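Enquirer: Provided below for reference: sequence and predicted model.
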Amino acid sequence: MTNEVLDRAAGYATCQILTSAGSSLVGVGSYTLATGGVGFVPLALGSLSLLGAGFACQSTNVDGTPPSSQEGCQKVNGTGAIAVDEGGGLQVVFPTSNIPGSNAVEITNSSPFLSAATGRWTIQVSWIWTGGTEQFVGNDYDTEAEARSVRWGLLPNPGSTCERGPDPLPPLPPEATDPITYTDPVTNCTYNVELLGFVQAFSGGTQDPVYVIESASDLLSSSGGIVGGCNFSPTVYYGGSGGGGDFGDGGGAPPFSYAPGDGPNGVPNWLDTLAAALAGAAGAIGVGLVKDAIETLLEQPYAGTIYRMVSVCEKDSSGEPISEAVEVPIAPLKAPDAQLARLDAIVELLQAAKNFKQPVCPPDRPALLGDWVTVRFESIENSPQGTRPLRKLFRYRSQSALDLGQIAAYWENFTWNAGPVCVQHKNASWGTPQCWAANVDEGKRVIRFAGLEAGIDPDAVGEWVISGSSDPRFGMPGTMQVAKVEGLEWITSRQGPSGLPLLTVDP
């Protein structure tokens, strides 16, 4: 039996049921699989409307009373309860500022309706608190589905117990569950179609009918099964406004054999099978979507491009920087050829990277400017490992306008503390001055003092380098001052790289 025959049989039965039982269907219990288990929600008028449109039924006037929005406890005893809304988790709808002590004891009404004044769906909740006064509150929603998804109940306070739960949802009316006989105009076979119930596959989704469809013939095979022509075993069909069959665009569950009775969990066998089939269909849809996406990508042409690697360290014969480049053009191709061409290009680009001079490019050394100044220091006290003072030599280039005597006067009273930390300043025009100091700050103080005389700000140009040594001969402590020869500071200078040293005194 083909799906088209099942579609026609289900469509015929649906239109018959809407005609005979339309209004009495609103608010009856509908199975929901939204929470991963099986629960009940009231059958909504909107689902019936979509169902009639899905099967192209004739217009039917359905004006049943909207179902109650009860869930959980509806009446408590003791100290009362907090009235809550179960729509999107436990939310206190009536805060304590509006309800003395939050002592609601009974919800008397919580039915959704379409407001003529606002055009929106409203749930007007009536409730009584321990003082005996009846209160009202209204919540508005944009759609009927949103309004009907909200369930109202009471959360008992400590010391209170629930006295009455929600009113049970009414079952399907008999006129909806009586078997319907259908003769198919294509196969000329007669079938019995029986409504098993309505099922909502996910929260807020449509509520679609589930039918068991079987042959009306009494012809049986010798083994007891129904075979051949118009004869087939009872089959479960799910669909209509958004379920299976042609009307669900293949998004529902395929037909399966009917197994009467309930399982160990009290759920009808057919409902357990349907829940598993819907889960499998959802997975199949996901796999199909991935497959379609991959096929689309394989058919999509990729625009051509050019990969280009540019050198940064090459220089011409005169030492001037030049820019060399290696290019790998990629033609317009479809996958996977487009991807393979790009992978092949990586090999050429990697080789080009090896052929070019490798970064890090050696930095250009700054030109040395100014005249050399050499300052000799000696410690005030003797060396810790000898009987003579420590001696230190400090050199830098100076661009100041001071003469040698003025430079000597500049350094005359300067002292500093020697030690195990080597502080150096490099990549500036005054050379690479360094000193072994007691700590980093002390070493920088010495070099900054020289920079003031030389016309260099070591914090603005060049870079600091900090190091040390494990050799005990380096980094001896001592208080250093300018060494003197015959009472004059031992500071020398020369006017150029080939000039003779100048001394403040003749040593």
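Expert: Now that the structure is in, tell me what you want to look at.
Enquirer: any idea how far the closest residue to V38 other than its chain neighbours is from R376?
Expert: Leaving aside its chain neighbours, V38 sits nearest to V267 (5.1 Å; criterion: C-beta to C-beta, 6 or more residues apart in numbering). For glycine as for every other residue, the C-beta is placed from the backbone atoms N, C-alpha and C. Distance, V267 to R376, using C-beta to C-beta, to the nearest Å: 100 Å.
Enquirer: So those two - more neighbours on which side?
Expert: Each of V267 and R376 has its neighbours counted (other C-beta atoms under 10 Å); R376 has more, 18 against 14.
Enquirer: Moving C-terminal from the helix or strand hosting that one, which element do we reach first?
Expert: Using DSSP states H and E, R376 sits within strand 371-382. Counting by DSSP H and E, the next helix or strand C-terminal to strand 371-382 is strand 389-398.
Enquirer: tell me which residues of whichever helix or strand comes after that following strand are tucked away?
Expert: Next along the chain after strand 389-398, taking DSSP H and E as the criterion, comes helix 404-411. For helix 404-411, burial by neighbour count (16 or more other C-beta atoms under 10 Å) applies to 404, 407-408, 410-411.
Enquirer: Apart from its chain neighbours, what residue comes closest to V212?
Expert: Closest residue to V212 apart from its sequence neighbours, by C-beta to C-beta, 6+ apart: Y258 at 4.7 Å.
Enquirer: thinking the one you found is in contact with Y211, fair?
Expert: No - with contact defined as C-beta atoms under 8 Å, Y258 and Y211 do not form a contacting pair (9.6 Å).
Enquirer: what touches both of the two?
Expert: Common neighbours of Y258 and Y211, counting by C-beta atoms under 8 Å, 6 or more residues apart in numbering, are V236.
Enquirer: ok now stretch 46-55, how far from the chain's centre?
Expert: Offset of stretch 46-55 from its chain centre (C-alpha atoms, centre = their mean, to the nearest Å): 37 Å.
Enquirer: Just the mean pLDDT for it, thanks.
Expert: Mean per-residue pLDDT for stretch 46-55: 79.
Enquirer: and that stretch, which residues are buried?
Expert: Judged by neighbour count (16+ other C-beta under 10 Å), stretch 46-55 contains these buried residues: 47-52, 54-55.
Enquirer: what do you get for stretch 310-328?
Expert: Applying 16+ other C-beta under 10 Å to stretch 310-328 flags 311, 326, 328 as buried.
Enquirer: Just give me the closest of those residues to S110.
Expert: Nearest to S110, judged by C-beta to C-beta, of these is V328 at 70.5 Å.
Enquirer: what's the host helix or strand of V446 in contact with?
Expert: Taking DSSP H and E as the definition, V446 sits inside helix 440-454. For helix 440-454, the external contacting residues (C-beta under 8 Å, 6+ apart) are 370, 373, 375, 394, 396-400, 402, 407, 410-411, 414, 416-417, 419, 421-423, 425, 430, 433-437, 456-459, 464, 466.
Enquirer: Out of those residues, which end up buried?
Expert: Among the contacts of helix 440-454, the ones that count as buried by 16+ other C-beta under 10 Å are 370, 373, 375, 394, 396-398, 400, 407, 410-411, 414, 416-417, 419, 421-423, 425, 430, 433-437, 456, 458.
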